[in-house]
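Colleague: need coordinates for the below:
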Amino acid sequence: MRSYRVFIALLLSIVASPAVAAPVDTDAIGLETSNFSPAPRSPLEKRDFANQVVFTPPSTYTSWKTIYGRSAQVADGSLLVTWEDYPLVDQTPFPIYRSTDGGVTWASYSQILDQVNGWGMRYQPHLYVLPTAFGGFAAGTVLCAGVSAPSDLSEAYIDLYASTNSGLTWKFVSHIAYGSGPELASNGDAAIWEPFFLMYGSTLICYYSDQRDPAHGQKLTYQTTTNLVSWGGAVDVVADPTYSHRPGMAIVSYLASINLYFLTFENCTSSCLATYRWSSSPYTFNSAPSTLLAPSTGSNPGNAPFHIYYKGKIYLNAAQSSSVYVNTAGTTVWTPVDVGQIESYTRCLEIIKVGGVDKLLITSAGEMSSTFNNYVSVAVVTPP
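Modeller: Next up, the predicted model:
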């Protein structure tokens, strides 16, 4: 969920002056470092590494320069990364960078341009690879959903694009949701944010943050499709009875080891904290109780949580900690593990294959602040 303060910063298009880069301490790399580049590594190296730079924005970039990194491993084994990008242009695209050597090196590969609204692709890209043929698209098709909005933020769509060639070219598929605006994060603004996909049988579910209901400052909503073109109506996922409470940033997974679905979100009341719910169905989270994440040491890692499930464990991170929090599915014990990767707002997690070995890919794209020299970087580590 985006705070009112940071959206004022965006609306005024603040141009952040680049800070002078300090000498790099690789044991304590911080967000003030914008030009860190680890030593070259061999392609498809199985050894862990962190803070490998994907993209450093130039000084002409506005607002917080980069944020909200997302990744996908596509059918040919290569890795894609995208993020919210802030070049000094009106119709912003989602950039696509690609690595063919397991995350060691990255190069610009393509971009997702707004093909239908004339506005730009502005916020929260989400990459998803179809696990099976669906909606007339083959398995392995790469989907990207994100917020398209004009530069004055007067309205917005969550739009869906698809690539049938592993991210090289992209085509508009459908509008998922519309917000009449303004696309700002203050209560009463009819804005929509933060799409996330989950496949459930023959249905694709899109979860997102929704400010359009006058009974809620913000709630979590889902819509479904069986063909990627037409989408069902909005259904509540988490709708807090207190108007000013703002649940946001839904991430959902199926926990095969305990046959339950798992939702994480930021629960924003007086502060924003990582929160979760369990449910027997991906459609019934609204009737489930909430639990605040309580780590075995330290405090709740804060807002913008992101999680994945892998081999009976849940891996989670959030914006106020650089650790990955590890949980055995079905328990309430969360153990923080330092993986060496820079913290960031809504850091992305994904299990990938590197030389036939399972690795955890972590994608960072900076904090929601114009005072940091935000850049995009990745870690590839053994799942803790």
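Colleague: count of neighbours near residue 239?
Modeller: 17 (other CB atoms under 10 Å). In this view, the C-beta of every residue, glycine as well, is placed from N, C-alpha and C.
Colleague: give me the low-pLDDT residue ranges for the stretch 101-250 of the chain?
Modeller: Residues of the stretch 101-250 of the chain meeting the criterion pLDDT under 70: none.
Colleague: please, where are all the strands along it?
Modeller: Using DSSP state E, counting those that start in this stretch, the strands of the stretch 101-250 of the chain run over 107-112, 121-129, 142-148, 156-163, 171-179, 192-200, 203-210, 219-225, 235-238, 246-255.
Colleague: will you turn these into TSV that also has mean neighbour count and distance to residue 98?
Modeller: Formatted as TSV, the strands of the stretch 101-250 of the chain follow (neighbours: other CB atoms under 10 Å; distance: least, CB to CB, whole Å):
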stretch	mean neighbour count	distance to residue 98
strand 107-112	16	4
strand 121-129	24	12
strand 142-148	25	11
strand 156-163	24	12
strand 171-179	17	18
strand 192-200	21	21
strand 203-210	23	25
strand 219-225	22	28
strand 235-238	20	33
strand 246-255	22	24
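Colleague: adding distance to residue 357, write those strands out as TSV.
Modeller: TSV is the format used below for those (distance: least, CB to CB, whole Å):
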stretch	distance to residue 357
strand 107-112	23
strand 121-129	19
strand 142-148	23
strand 156-163	26
strand 171-179	34
strand 192-200	25
strand 203-210	30
strand 219-225	35
strand 235-238	35
strand 246-255	22
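Colleague: so what's the closest residue to residue 87 other than its chain neighbours scoring on pLDDT?
Modeller: Once flanking residues are discounted, residue 87 sits nearest to residue 61: 6.0 Å by CB to CB, 6 or more residues apart in numbering. Residue 61 is assigned 95 on the pLDDT scale.
Colleague: same deal with residue 8?
Modeller: Residue 8 is assigned 36 on the pLDDT scale.
Colleague: repeat that for residue 372.
Modeller: So residue 372 comes in at 80 (pLDDT).
Colleague: what sits against residue 110?
Modeller: 96, 163, 167, 168, 169, 170 (CB atoms under 8 Å, 6 or more residues apart in numbering).
Colleague: separation between the residue lying closest to it once chain neighbours are set aside and residue 68?
Modeller: Closest residue to residue 110 apart from its sequence neighbours, by CB to CB, 6+ apart: residue 96 at 4.4 Å. Distance of residue 96 to residue 68, given as CB to CB, to the nearest Å: 14 Å.
Colleague: got it, and residue 336?
Modeller: The gap separating residue 336 from residue 68 is 23 Å, by CB to CB.
Colleague: related to what we said a few turns ago, now for the residue nearest to residue 87, how many residues are close by?
Modeller: With other CB under 10 Å as criterion, residue 61 counts 19.
Colleague: hmm, it is touching residue 84, no?
Modeller: No. Between residue 61 and residue 84 there is no contact under CB atoms under 8 Å: 11.0 Å.
Colleague: can I get the CA coordinates of stretch 136-155 in CSV?
Modeller: Provided in CSV are the C-alpha atoms of stretch 136-155 (Å, rounded to 0.1, in the frame of the first residue of the first chain):
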residue,chain,number,x,y,z
GLY,A,136,-5.7,-20.0,-26.1
PHE,A,137,-2.1,-19.6,-25.0
ALA,A,138,0.4,-22.4,-24.7
ALA,A,139,2.1,-23.5,-21.5
GLY,A,140,5.1,-21.3,-20.9
THR,A,141,3.5,-18.1,-22.1
VAL,A,142,4.6,-15.2,-19.9
LEU,A,143,1.9,-13.0,-18.5
CYS,A,144,2.4,-9.5,-17.1
ALA,A,145,-0.3,-7.6,-15.3
GLY,A,146,0.2,-4.0,-14.1
VAL,A,147,-1.4,-0.7,-13.6
SER,A,148,-1.7,1.6,-16.6
ALA,A,149,-2.4,5.2,-15.8
PRO,A,150,-2.0,8.6,-17.4
SER,A,151,0.7,11.0,-16.0
ASP,A,152,-1.9,13.0,-14.1
LEU,A,153,-3.1,9.8,-12.4
SER,A,154,-6.7,10.7,-13.1
GLU,A,155,-7.8,7.0,-13.7
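Colleague: helix, strand or coil for the residue nearest to residue 364 when sequence neighbours are not counted?
Modeller: Excluding the flanking residues, the one nearest residue 364 by CB to CB, 6+ apart is residue 344, at 3.8 Å. Counting by DSSP: H, G, I helix; E, B strand; the rest coil, the backbone at residue 344 sits in coil.
Colleague: what about residue 344, how many neighbours?
Modeller: Neighbour count of residue 344, defined by other CB under 10 Å: 29.
Colleague: contacts only, for it.
Modeller: Applying CB under 8 Å, 6+ apart to residue 344 gives the contacts 31, 67, 69, 319, 364, 365, 366, 367, 374.
Colleague: 7 Å instead?
Modeller: When the contact criterion is CB atoms under 7 Å, 6 or more residues apart in numbering, the partners of residue 344 are 364, 365, 366, 367.
Colleague: what sits opposite the first one in the beta ladder?
Modeller: Translated: residue 364. Assessed by DSSP bridges, residue 364 has beta-bridge partners residue 377.
Colleague: any idea how far it lies from residue 304?
Modeller: Counting by CB to CB, the gap from residue 364 to residue 304 is 12 Å.
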